[in-house]
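*Asks:* Coordinates for the following, if possible.
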Amino acid sequence: MINRHVINRHFAYIGCQGVAVVLAAVTVLPVGALSASAAPSPPDPRSSSVHRTADDEDAVEDGDVVEVVPHQDTAGKVKCSRRTGPHQRAVEKWLKLKADGKQSAADCKVIRDFQEQHGIKPAIGYAGPATWATMQLVSARENPNAKHKCPVRKRRVACVDLDRQVTWVQKGTKVVYGPVPMRSGRVGHATRTGWHKIYWKHKNHWSTLYDAPMPYAQFFSGGQAFHGVHDSIYTTLGSWGCINLRLGDARKLWRVLKKGDRVYVWGHRPGK
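*Replies:* The predicted structure follows:
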């Protein structure tokens, strides 16, 4: 009689370009060798490949904030969008407009003025993710911990506010880095809340699953890490768990945080 077998897949999550990287080791085991309590090995992103940086990669800086706008608006080269954006109501409320969640000519003009003031392109009054993220950042700049959501400690704490999608580092009550915008995990792949610790730093990390770089990766919870991205962080869809940062922001954070520094995450990413 032919023995029955099962395939036991052990996954090691080793980082994310907005996602977790998976290395699968496939083993053939007899039936019964696995128990109901069997669990995958703890994630270890240190077993990874290395991203070889280009000579000019470290010279790349973040440029203008680019808004995601409907193709019809860009194709038509409209000066003021008539379309209701995904953050319409929140943007209206922030600008102290009538918060009805519907675009109007008056709404568009005020939103466009804000976009022009803060270098958001194209400035056509569309209430998209880049515009809303910029508003959240503006509100947080003066005192990001005004509501005391991030615990104050004598040592450095990296504060990750999922509600506003901003992050900063404080030592005591003094902010030593940020706040800066970020992109956290999407529904089903949420960035884990609570206390964590920077346990490994890998400047030239590479996501083997998605064949993409994860520059300035600083891991704090399994495969979840702070790291830079070369694309835009201003999207309605979140990452696969990591805290995505603009490249320049990730580079500066790399210089601030040390192995053993604490990370505190709270809140919930709004929207999708």
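*Asks:* Tell me the helices and strands packed up against the helix or strand that residue 220 is a member of.
*Replies:* Assigned by DSSP states H and E, residue 220 belongs to strand 212-221. The elements that strand 212-221 packs onto, with contact taken as 3 or more C-beta pairs under 8 Å, 6 or more residues apart in numbering; DSSP states H and E, are strand 194-197, strand 200-207, strand 224-229, helix 247-256. C-beta: built from backbone N, CA, C; applies to glycine.
*Asks:* the inter-axis angle of that strand versus strand 224-229?
*Replies:* 150 degrees (axes from the mean of the first three to the mean of the last three C-alpha atoms, to 10 degrees).
*Asks:* CA-only coordinates of strand 212-221 in PDB, if you can.
*Replies:* Extracted in PDB, the C-alpha atoms of strand 212-221 (Å, rounded to 0.1, in the frame of the first residue of the first chain):
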ATOM      1  CA  ALA A 212      12.100  44.800  -5.000                       C
ATOM      2  CA  PRO A 213      14.300  46.800  -2.700                       C
ATOM      3  CA  MET A 214      13.500  47.700   0.900                       C
ATOM      4  CA  PRO A 215      16.000  50.500   1.600                       C
ATOM      5  CA  TYR A 216      16.800  51.400   5.200                       C
ATOM      6  CA  ALA A 217      14.800  48.500   6.600                       C
ATOM      7  CA  GLN A 218      14.400  48.500  10.400                       C
ATOM      8  CA  PHE A 219      12.500  45.500  11.700                       C
ATOM      9  CA  PHE A 220      10.400  45.700  14.800                       C
ATOM     10  CA  SER A 221       7.800  42.900  14.700                       C
END
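*Asks:* centre of the chain versus that strand, how much separation?
*Replies:* 11 Å (C-alpha atoms, centre = their mean, to the nearest Å).
*Asks:* What angle do strand 200-207 and that strand make with each other?
*Replies:* Using the same axes, to 10 degrees: strand 212-221 against strand 200-207 is 150 degrees.
*Asks:* which other residues reach strand 212-221?
*Replies:* Around strand 212-221, the neighbours that count as contacts under C-beta atoms under 8 Å, 6 or more residues apart in numbering are 15-17, 45, 51, 53, 57, 158, 192, 196-207, 225-228, 230, 242, 245, 247, 250-251, 253-254, 257, 263.
*Asks:* try 7 Å
*Replies:* By C-beta atoms under 7 Å, 6 or more residues apart in numbering, the residues outside strand 212-221 that reach it are 15, 17, 45, 51, 192, 196-207, 225-228, 247, 250-251, 253-254, 257, 263.
*Asks:* show me what contacts residue 66?
*Replies:* By C-beta under 7 Å, 6+ apart, the contact list for residue 66 reads 121, 130, 232.
*Asks:* Of those residues, just say which sits nearest to residue 271.
*Replies:* Distance to residue 271 across the contacts of residue 66 (C-beta to C-beta) is lowest for residue 130, with 13.5 Å.
*Asks:* ok, that closest one - contacts?
*Replies:* Contacts of residue 130 by C-beta under 7 Å, 6+ apart are 65-68, 120, 234.
*Asks:* and stretch 226-245, how far out from the chain's middle?
*Replies:* 4 Å.
*Asks:* and stretch 241-255, average pLDDT?
*Replies:* The average of the pLDDT scores along stretch 241-255 is 96.
*Asks:* again, but for stretch 147-165
*Replies:* Stretch 147-165 carries an average pLDDT of 97.
*Asks:* Please identify the buried residues of that stretch?
*Replies:* By 16 or more other C-beta atoms under 10 Å, the buried positions in stretch 147-165 come out as 150, 156-162, 164-165.
*Asks:* Which member of these is positioned nearest residue 80?
*Replies:* residue 165 (26.3 Å).
*Asks:* For the stretch 101-250 of the chain, which segments count as helices?
*Replies:* 105-117, 129-141, 247-256 (DSSP state H, counting those that start in this stretch).
*Asks:* So, low pLDDT: which residues of the stretch 1-150 of the chain?
*Replies:* For the stretch 1-150 of the chain, residues meeting the criterion pLDDT under 70 lie at 1-63.
*Asks:* Which ones among the buried residues of stretch 147-165 map onto strands?
*Replies:* Of these, the ones assigned to strands by DSSP state E are 156-161.
*Asks:* what is residue 227 paired to in the beta sheet?
*Replies:* residue 244 (DSSP bridges).
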